[in-house]
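**Q** sequence first, predicted coordinates after that:
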Amino acid sequence: MASSNTRQRKLARAKVDRQMVRRADQERRSRQLKAVFGGLFALVLVGVLGAWGLGAFDAKPVDTVAETCAWNPLDMAGNANLKDAGKPATSGMPTSGTAAMTIALNSGNVVAELDRAAAPCGAASLKYLADSGFYNDTKCHKLTHAEGDFALACGDPSGTGSGGAAYSWWVENPPAAEAPSAAPSTDASASAAATPSPAAATAKYPAGTIAMTPNLNGSQFVIFYKASTTDTPYSIVGKVTSGLDVVEKIAQAGTTANEAGEDTKPKQDVVVKTLTVVDTTPASPSAPAAPASPSAPAASGAATTPKPSASTAS
């Protein structure tokens, strides 16, 4: 009996020993895993702290080119004369150089140069709407002829003056408070006709200026046919390069009362048959003139003076 008890005690002790060995192995493996995970955590922590030190988590600077123009929707429910024409893209439009705009009126063509550097939003909006045919077969609705305000207004398909594309944007490229007057002539024989009038010298909007109408500048624009000093904050988008005489003849034909009783409706219908905008490449600087050879001197110093390029002309 004693031998049986002794054998059982030995078996129990052996079992306990095996359990202790397994427990020790488990604890050893646990310590190894903790050491591995601890090392990995330390490496990750070092990497994160290093990236933070290098500014990886700093707020990114705003990309000013990402959104050039913010188009603000207008209330179509409150103004039935507005027209949903979609909106141009807010970025990606050209912000340098020029574009050529041709307004084919029923009385002749007016060609203008749009300044994409000074008025990228106005130029982009005009091109966007022109490409969709928005202006085709619409009437120019207003012809102002008050002192200091001489302009033909177009771009409202409703013809009321309160309509147009259902978006607008902030005023860009506003006129200077006063344009610099021309330098006095030093030539005593210069004719009096060459001297600019006081109105022209102080005009905010010289004759031929193309500008977008405030608050309805999504599509409405004006063409100043005479130098004007109006305080209305138009966004200057370009200038007429040919065909200003077409607008002058429209003005000479006179006006009649519109539906509101204002004497601003062109007496003769002025219809925009088509309006197109085509991107143009800025002119390259002209090459300087080659110096005259000693055997053939130039007739005057002006012959060797480089001619200003078109891109630098005012």
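**A** Yep, it's here.
**Q** residue 37: helix or strand, and which one exactly?
**A** helix 2-53 (DSSP states H and E).
**Q** what packs against whichever helix or strand comes after that helix?
**A** Going down the chain from helix 2-53, the next helix or strand is strand 72-73, by DSSP H and E. With contacts defined as 3 or more CB pairs under 8 Å, 6 or more residues apart in numbering; DSSP states H and E, the packing partners of strand 72-73 are strand 167-168. Placement of C-beta: from N, CA and C, glycine included.
**Q** partners of the strand it packs on in the sheet?
**A** Applying DSSP bridges to the sheet, strand 167-168 is found paired with strand 72-73 (antiparallel).
**Q** show residues contacting the strand it pairs with.
**A** 87, 166-169 (CB atoms under 8 Å, 6 or more residues apart in numbering).
**Q** where does residue 238 sit: helix, strand or coil?
**A** State at residue 238, reduced to three classes by DSSP: H, G, I helix; E, B strand; the rest coil: strand.
**Q** so how many other residues sit close to it?
**A** Neighbour count of residue 238, defined by other CB atoms under 10 Å: 28.
**Q** what sits against it?
**A** Per CB under 8 Å, 6+ apart, neighbours of residue 238: 98, 101, 112-115, 119, 122-123, 209-210.
**Q** can you tell me which of those end up in helices?
**A** Under the assignment DSSP state H, these contribute 122-123 to helices.
**Q** before we move on, back to that, hmm, which of the contacts of strand 72-73 is lowest in pLDDT?
**A** The member of the contacts of strand 72-73 with the lowest pLDDT is residue 169, at 91.
**Q** next, count neighbours for the residue lying closest to that one once chain neighbours are set aside.
**A** Of all residues not flanking residue 169 in the chain, residue 121 sits nearest, at 5.2 Å (CB to CB, 6 or more residues apart in numbering). Per other CB under 10 Å, the neighbour tally for residue 121 reads 26.
**Q** off-centre distance for stretch 153-166?
**A** 21 Å (CA atoms, centre = their mean, to the nearest Å).
**Q** swap in stretch 132-141?
**A** 22 Å.
**Q** go on, stretch 221-241?
**A** Chain-centre distance of stretch 221-241: 18 Å, with CA atoms, centre = their mean.
**Q** got the buried residues for it?
**A** 221-230, 232, 234-240 (16 or more other CB atoms under 10 Å).
**Q** residue 140 and residue 273 touch, don't they?
**A** No. Between residue 140 and residue 273 there is no contact under CB atoms under 8 Å: 11.5 Å.
**Q** quick one, which of these two is more surrounded?
**A** Neighbour comparison, residue 140 and residue 273: the larger count goes to residue 140, with 25 against 13 (by other CB under 10 Å).
**Q** what sits against that one?
**A** Counting by CB under 8 Å, 6+ apart, residue 140 makes contact with 105, 152-154, 250, 266, 270-272.
**Q** please apply the same query to residue 162.
**A** 79, 81, 156, 216.
**Q** ok, now residue 144?
**A** Counting by CB under 8 Å, 6+ apart, residue 144 makes contact with 150-151, 153, 264.
**Q** may I ask which helix or strand encompasses it?
**A** Going by DSSP H and E, residue 144 is in strand 142-146.
**Q** for this protein, name the helix or strand with the lowest mean pLDDT.
**A** For the chain, using mean pLDDT, DSSP states H and E, the weakest element among its helices and strands is helix 198-202, scoring a mean of 51.
**Q** in strands, which of the contacts of residue 144 appear?
**A** Among those, the members falling in strands (DSSP state E) are 150-151, 153.
**Q** and those as JSON lines, adding pLDDT and distance to residue 175?
**A** Compiled in JSON lines, these are given as follows (pLDDT from 0 to 100; distance: CB to CB, whole Å):
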{"residue": "150", "pLDDT": "98", "distance to residue 175": "14"}
{"residue": "151", "pLDDT": "98", "distance to residue 175": "13"}
{"residue": "153", "pLDDT": "98", "distance to residue 175": "17"}
